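A.B. asks: give me a 3D structure for the following:
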Amino acid sequence: MGNRSKRYTKAAEGIVPDREYEPTEAFALLKELPAPKFDETVDVVIRLGIDPRKTDQHVRGAVSLPKGLGKSVRVVVFAEGEKADSATAAGADEVGSAELAEKIQGGWMDFDIVIASPDMMKHVGKLGRVLGPQGKMPSPKSGTVTPDVAKAVQEFKAGKVEFRTDAGGNVHAPLGKRSFSAEDLQENLTAFLNHISSLRPAAVKGDFMRKVSVSTTMGPGALIQCEG
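C.D. replies: Below is the predicted model of the structure:
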């Protein structure tokens, strides 16, 4: 373990804490860190210049990343009839209505995304306390409450990510895997930042995106140059 920590420390020293890097340089540095035995996720955290206490300044939504996420996303769908059939055909991992709500209420949480047809909110609405804290509650803004459940399943399976501001005014999202090229990670980052920028609330004054940092699951963060 001592050897691992020495290698890690040496590689981490290459990332200067307060320096802002060009995205490709930052991703190249992250990829040089000693690798654990799994393909780490590369994440982005954006510090937004919002007042998180004011609901009109909250930022929430979903965006498709051009290079995908490099992982299989488990999607469950609340739908019945033809919509349920189309969701299954599109690759949903589980489809149901009242019985699916009961299963989740009972503690089953083996999924990443919940999609619901609008007529199913009578079942999904009861799951707010369970799904809300994990950021998995379906919402029209995120494209997870939609009449076209099959299309939503395809998009999230292909690399669409949901995001929402946390209590500190930060947005977190995955950008892909460490095994991605620095160029592919940069392409996903650019798409994500452009989308966040387009959601700037009217009430926000000054810089909207104050700080952007990228990191691997087990690694230190590197700041990215960004324009507010």
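A.B. asks: can you list the weak-confidence ranges in the chain?
C.D. replies: 1-5, 7-8, 10-11, 227-228 (pLDDT under 70).
A.B. asks: run through the strands of it in chain order.
C.D. replies: Taking DSSP state E, the strands of the chain run over residues 20-21, 41-48, 60-64, 75-78, 94-96, 113-116, 160-164, 170-177, 209-216, 222-224.
A.B. asks: just give me the longest helix of the protein.
C.D. replies: Longest helix of the chain, by residue count under DSSP state H: helix 182-198.
A.B. asks: run through the neighbouring helices and strands of that one.
C.D. replies: Based on contacts counted as 3 or more C-beta pairs under 8 Å, 6 or more residues apart in numbering; DSSP states H and E, the elements that helix 182-198 packs against are helix 23-32, strand 41-48, strand 60-64, strand 170-177, strand 209-216. (Glycine included, C-beta is placed from N, CA and C.)
A.B. asks: report the central residue of the protein.
C.D. replies: Centre of the chain computed as the mean C-alpha position; nearest residue by C-alpha atoms, centre = their mean is Ala173, 3.4 Å away.
A.B. asks: Gly96 bridge partners, please.
C.D. replies: Phe78 (DSSP bridges).
A.B. asks: how about it, what does it touch?
C.D. replies: Val76, Val77, Phe78, Ala84, Lys103 (C-beta atoms under 8 Å, 6 or more residues apart in numbering).
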